[in-house]
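Asker: This is a predicted model, with the sequence first.
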Amino acid sequence: MAEAEIRPAAGTAAGKGRGRPQRVVRMSVELPLWRALTGYRVLTLVYVLVLSAVSYEQYEHPLGAAAYMAALTVWMGFTWRRTTSAERCTRAFLIGDLSFALGGILLTLLVDSHERIMDGAATLPSIWTAGAVLGFAIKGGWRWAAVASALVAVVNLVERQELARDTIHNVVLVWVASVAIGYVVEVARASERTLARALQIEAATRERERLARDIHDSVLQVLAMVQRRGAAIGGEAAELGRMAGEQEVALRALVSSGLVLPLRTAASGAGDDAVRTPEEALAAPVPCAEDGPDAGPCDIRALLAPHAGARVTFSEPGAPVVLPAAAAAELAAAVSAALDNVRVHAGAEAQAWILVEDEPGEVVVTVRDDGPGIPDGRLADAEREGRLGVALSIRGRLRDLGGSADWISVPGQGTEVELKVPKGGAPAGRKRGRSTA
């Protein structure tokens, strides 16, 4: 990630007014490193050329040294812009740059005398070699840097033909410096992603709050007025008022539900989300529309919230209630089947309540109504008669999840259904559906 852009939503507090172009905030922890690397390569080239000129007469084959320096200068002239950004610095260029450095080290055996090499004379590329290794560190992190440094170490030892102290010192210095820089770059990238994610969440939150204020000052008040006036007028207007009340409750729940963000981004790179990072801690699980082995964890609250209305009260914890995607979908379908039973058997005017509880080892969802209740033995009779809504749509789903479904009903005092699902449970491939007992 060379650069991250945060574009505040139009009309948010991050902008000065609606409809105006928003200033783009660019953040980059890598760009200064690339610029520093470019400067390092240019300065070390100058140093190597001066060193080669001073030592020209001491080489055993000075023309060979001069030819390498000319080739190195041409290579730098054509590639110096490659290290000005991550996009330009490709893997092929890094391999070519390192090959030029390694070739120069090995070429020293041919152009310099054995006595000078044993006395610790500098190789042809000298400290320019470190620039090639640092390119790997900035581009690919400490692992790439470790590999490149290891190759440089092997070639230096071949050139020197012995484990001399100064050679080992230089090799270790390059290895430690490149690995440290690569690690710092990886940490900086993670911090940059976390900051970008936090700014996105802040901008989205401000926009949601603005929309909530506008909706509260207009739409919700109008719906509430229609509900009151419709109930007062009666007749068809009462039905219209009831519908307006349901929409008011649903809209209010939507506005106050807050942000729901994924644990994993679609563009996450390889290994970026292997462990939970600070930016993932900012995100909450989302409901998954489809089951599947690749579906992520889901927040059961978001699946059950749409049931809220004028006749259904939804109560939830303040934190996400997480289940595997397939288990969350099956539990939500069981709750839908229970509400269908309320509408069919308790009547359209019955009031229902949904309560979600997040226990340490399981998730408990209770569906309660104020209907006439279920007579003793009615569920068993319905199952014998082939009406399998309770047996399949509710009990069957929960059984496949490793959970349970219990009914508590007193004639004349309503019915309560308690659905329990262990955390981490997965269904045995049952189809979703609704049925009534």
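Answerer: Yes, it's here. Numbers count the residues shown, from 1 in each chain.

Asker: Quickly note the distance from A148 to E357.
Answerer: As defined by Cβ to Cβ, to the nearest Å, A148 lies at a distance of 55 Å from E357. (Glycine included, C-beta is placed from N, CA and C.)

Asker: Those two: which is more packed in?
Answerer: Neighbours were counted for A148 and for E357 using other Cβ atoms under 10 Å; A148 has more, 29 against 15.

Asker: Please identify the helix or strand for the more buried one.
Answerer: Using DSSP states H and E, A148 falls within helix 142-160.

Asker: what's the answer for W407, then?
Answerer: Using DSSP H and E, W407 falls in strand 404-409.

Asker: Just the residues contacting that strand, thanks.
Answerer: 334, 373-374, 379, 390, 394-395, 398, 415-420 (Cβ atoms under 8 Å, 6 or more residues apart in numbering).

Asker: Export these as JSON lines, with columns for distance to V171 and pLDDT.
Answerer: Listed next are these as JSON lines, based on distance: Cβ to Cβ, whole Å; pLDDT from 0 to 100:
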{"residue": "A334", "distance to V171": "65", "pLDDT": "88"}
{"residue": "G373", "distance to V171": "83", "pLDDT": "77"}
{"residue": "I374", "distance to V171": "81", "pLDDT": "73"}
{"residue": "L379", "distance to V171": "78", "pLDDT": "59"}
{"residue": "V390", "distance to V171": "74", "pLDDT": "54"}
{"residue": "I394", "distance to V171": "69", "pLDDT": "81"}
{"residue": "R395", "distance to V171": "69", "pLDDT": "81"}
{"residue": "L398", "distance to V171": "64", "pLDDT": "84"}
{"residue": "T415", "distance to V171": "77", "pLDDT": "86"}
{"residue": "E416", "distance to V171": "73", "pLDDT": "88"}
{"residue": "V417", "distance to V171": "71", "pLDDT": "89"}
{"residue": "E418", "distance to V171": "68", "pLDDT": "91"}
{"residue": "L419", "distance to V171": "65", "pLDDT": "92"}
{"residue": "K420", "distance to V171": "62", "pLDDT": "92"}
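
Asker: could you dump the residues you listed to JSON lines with secondary structure, distance to R242 and neighbour count?
Answerer: What follows is the contacts of strand 404-409, written out as JSON lines (DSSP: H, G, I helix; E, B strand; the rest coil; distance: Cβ to Cβ, whole Å; neighbours: other Cβ atoms under 10 Å):
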{"residue": "A334", "secondary structure": "helix", "distance to R242": "27", "neighbour count": "26"}
{"residue": "G373", "secondary structure": "coil", "distance to R242": "24", "neighbour count": "19"}
{"residue": "I374", "secondary structure": "coil", "distance to R242": "26", "neighbour count": "21"}
{"residue": "L379", "secondary structure": "helix", "distance to R242": "31", "neighbour count": "18"}
{"residue": "V390", "secondary structure": "helix", "distance to R242": "29", "neighbour count": "24"}
{"residue": "I394", "secondary structure": "helix", "distance to R242": "28", "neighbour count": "26"}
{"residue": "R395", "secondary structure": "helix", "distance to R242": "33", "neighbour count": "22"}
{"residue": "L398", "secondary structure": "helix", "distance to R242": "32", "neighbour count": "22"}
{"residue": "T415", "secondary structure": "strand", "distance to R242": "23", "neighbour count": "24"}
{"residue": "E416", "secondary structure": "strand", "distance to R242": "25", "neighbour count": "18"}
{"residue": "V417", "secondary structure": "strand", "distance to R242": "25", "neighbour count": "23"}
{"residue": "E418", "secondary structure": "strand", "distance to R242": "29", "neighbour count": "16"}
{"residue": "L419", "secondary structure": "strand", "distance to R242": "28", "neighbour count": "23"}
{"residue": "K420", "secondary structure": "strand", "distance to R242": "33", "neighbour count": "20"}
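
Asker: what's near enough to touch A177?
Answerer: So A177 contacts A130, L134 (Cβ under 8 Å, 6+ apart).

Asker: Could you pull up phi and psi at it?
Answerer: Dihedral angles phi and psi of A177 (degrees, to the nearest 10) take the values phi -60, psi -40.

Asker: Show the pLDDT at it.
Answerer: Predicted confidence (pLDDT) at A177: the value is 86.

Asker: For R301, see how far away it is.
Answerer: Going from A177 to R301 by Cβ to Cβ gives 50 Å.

Asker: now do S315
Answerer: S315 is 10 Å from R301, by Cβ to Cβ.

Asker: In terms of neighbours, single out the busier of those two.
Answerer: R301 (23 against 11).

Asker: what distance separates the strand or helix carrying the more buried one from the centre of its chain?
Answerer: Element membership of R301, judged by DSSP H and E, is helix 300-304. Relative to its parent chain, helix 300-304 has a centroid offset of 21 Å by Cα atoms, centre = their mean, to the nearest Å.

Asker: From the rest of the structure, what touches that helix?
Answerer: Taking Cβ under 8 Å, 6+ apart as the rule, helix 300-304 contacts 257, 260, 286-287, 314, 316-317, 320-323, 328-329, 331-332, 335, 354, 356, 363, 365.

Asker: So, low pLDDT: which residues of the protein?
Answerer: Low-confidence segments of the chain (pLDDT under 70): 1-28, 164, 212, 214-217, 252-296, 375-393, 425-437.

Asker: H169: what secondary structure?
Answerer: Per DSSP: H, G, I helix; E, B strand; the rest coil, the local secondary structure of H169 is helix.

Asker: where does it sit relative to V176, distance-wise?
Answerer: 11 Å.

Asker: now A305
Answerer: 54 Å.

Asker: The two: which has the busier surroundings?
Answerer: Applying other Cβ under 10 Å to A305 and V176 shows that A305 carries more neighbours, namely 20 against 12.

Asker: Tell me how far the helix or strand harbouring L173 lies from the chain's centre.
Answerer: Element membership of L173, judged by DSSP H and E, is helix 165-215. With Cα atoms, centre = their mean as the basis, helix 165-215 stands 14 Å off its chain's centre.

Asker: Toward the C-terminus, what is the element adjacent to that helix?
Answerer: Downstream of helix 165-215 (by DSSP H and E), the next one is helix 221-233.

Asker: Residues in contact with that next one: which ones?
Answerer: A237, A238, E239, L240, G241, R242, A244, G245, Q247, E248, L251.

Asker: residues near the fourth one, how many?
Answerer: Just to be clear, that refers to L240. 16.

Asker: any idea how far V219 is from it?
Answerer: L240 is 16 Å from V219, by Cβ to Cβ.

Asker: rewinding a little: run the angle between the helix holding A148 and helix 165-215 for me.
Answerer: Counting by axes from the mean of the first three to the mean of the last three Cα atoms, to 10 degrees, helix 142-160 lies at 170 degrees to helix 165-215.

Asker: and helix 142-160, which residues are buried?
Answerer: Neighbour-count burial for helix 142-160, counted by 16 or more other Cβ atoms under 10 Å, picks out 142, 144-146, 148-149, 151-153, 155-156, 159-160.
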